[in-house]
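**Q** Okay, here's the prediction I keep looking at, along with the sequence it came from:
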Amino acid sequence: MTLASLRAMRSKLFLPGSRPELFAKGEASAADALSFDLEDSVAPARKAEARAAVAAALRARAAAPATGGKLAIVRVNAAETPHFAADIAAILGPGLDAINLPMVEDAAGLRAAIAQIAAAEQAAGLPPCAILANIETPRGLRCAAEIATAHPRIAGLQIGYGDLFEPFGIARDEEVALQQVRLAVRLAAAEARIPAFDGALAAIAAPERCTAEAVAARRLGFAGKSCIHPSQIALVNAAFAPGPQEIAHAARVVAAAEAAEAQGIGAYTVDGQMVDAPFVASARAVLDLARRLGLMRGEAV
């Protein structure tokens, strides 16, 4: 999996590993990625069953990839648990795009987990797999930048609000807390030049809130948001896709930049706004995303 493909991951749908009857529905959805879960959504007594079901689904995807370009990500159990080694051994191989590591708290622990994964890959003769690291504890949030920069295989940071808020009595809908966490994680990811992803909203019957969270996250530069129900996918995809006016403005900025560069001009105006190198980089990122989503010629998302 390339970093560019992860950057275009607007929506990621959680699928409990112990519910294989949901896998086909996930494949048929409009989600950009599927997150097969072996952690919180699977009871301890069913870990082995879920592991086998997810491994079978990954091999089936590799054998007959009719996935519409969906990424396959597996959230394993934390490295400190007795399930981690068995999870890794089961899922490594064809069909897997990235491993989602939960409860990451510091760079040293993350590097140790990656070393364990690398040893299993080498033993099986497999190429390195991308890592999506969860920021979902107070210590993890405090160390987010060192986590993001801990290893070149880290392809993104993802917020986990449940573990970060619930044990400490922080309301999940407290906007001040949400925005503070988002900004800290986004800047940590920015330091490593990797994307950041907003956490899932458990309130399935609150579409307006899902949209509001997705819009707020995108305004802070997030690449996408996790979904725990198919009804959230369209809302999230729409929020993280650049609109026609945004694409048109970005195209004007890039065109003006190219003209200015040819004339040796360093700063100029576009649509009444002063523009220089940081604005051009942002505009090019919008156009790159629009191309990957098929939006440059008005195609449907």
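**A** Noted; the coordinates are in hand.
**Q** neighbours of Arg75, just the number please.
**A** Applying other Cβ atoms under 10 Å, we find 29 residues neighbouring Arg75. Any C-beta I mention is one placed from the backbone N, CA and C, and that applies to glycine too.
**Q** Show the contacting residues for it.
**A** By Cβ atoms under 8 Å, 6 or more residues apart in numbering, the contact list for Arg75 reads 14, 35-39, 100, 102, 134.
**Q** next one: Arg7
**A** By Cβ under 8 Å, 6+ apart, the residues touching Arg7 are 195, 223, 289, 292.
**Q** Now list the buried members of the residues you listed.
**A** Among the contacts of Arg7, the ones that count as buried by 16 or more other Cβ atoms under 10 Å are 195, 223, 289.
**Q** So the closest residue to the second one other than its chain neighbours versus Gly224, what's the distance?
**A** Spelled out, that is Ala223. Leaving out its chain neighbours, the residue that sits closest to Ala223 by Cβ to Cβ, 6 or more residues apart in numbering is Pro195, at 3.7 Å. Distance of Pro195 to Gly224, given as Cβ to Cβ, to the nearest Å: 8 Å.
**Q** what residues do those two have in common as contacts?
**A** The contact sets of Pro195 and Gly224 overlap at Met9 (Cβ under 8 Å, 6+ apart).
**Q** by contact count, what packs against the helix or strand harbouring Gln180?
**A** Gln180 belongs to helix 175-192 when assigned by DSSP states H and E. Under the contact criterion of 3 or more Cβ pairs under 8 Å, 6 or more residues apart in numbering; DSSP states H and E, helix 175-192 touches strand 130-135, helix 138-142, helix 144-148, strand 154-159, helix 161-165, strand 196-198, helix 207-219.
**Q** give me that answer again for 7 Å
**A** Under the contact criterion of 3 or more Cβ pairs under 7 Å, 6 or more residues apart in numbering; DSSP states H and E, helix 175-192 touches helix 144-148, strand 154-159, strand 196-198.
**Q** Give the bridge partners for the spatially most central residue of the chain, please.
**A** Nearest to the geometric centre of the chain sits Phe197, at 4.4 Å (Cα atoms, centre = their mean). Going by DSSP bridges, Phe197 is paired in beta bridges with Gln158, Gly224.
**Q** just use 53 as the starting number from now, easier for me
**A** Sure, I'll start counting at 53 from here, so that last one is Phe249.
**Q** residues touching it, list them.
**A** Counting by Cβ atoms under 7 Å, 6 or more residues apart in numbering, Phe249 touches 64, 208, 210, 274-278.
**Q** all strands of the chain, in order?
**A** Using DSSP state E, the strands of the chain run over 63-68, 85-89, 123-127, 150-153, 182-187, 206-211, 248-250, 276-279, 320-322, 325-327.
**Q** Please consider this matter closed, and thank you.
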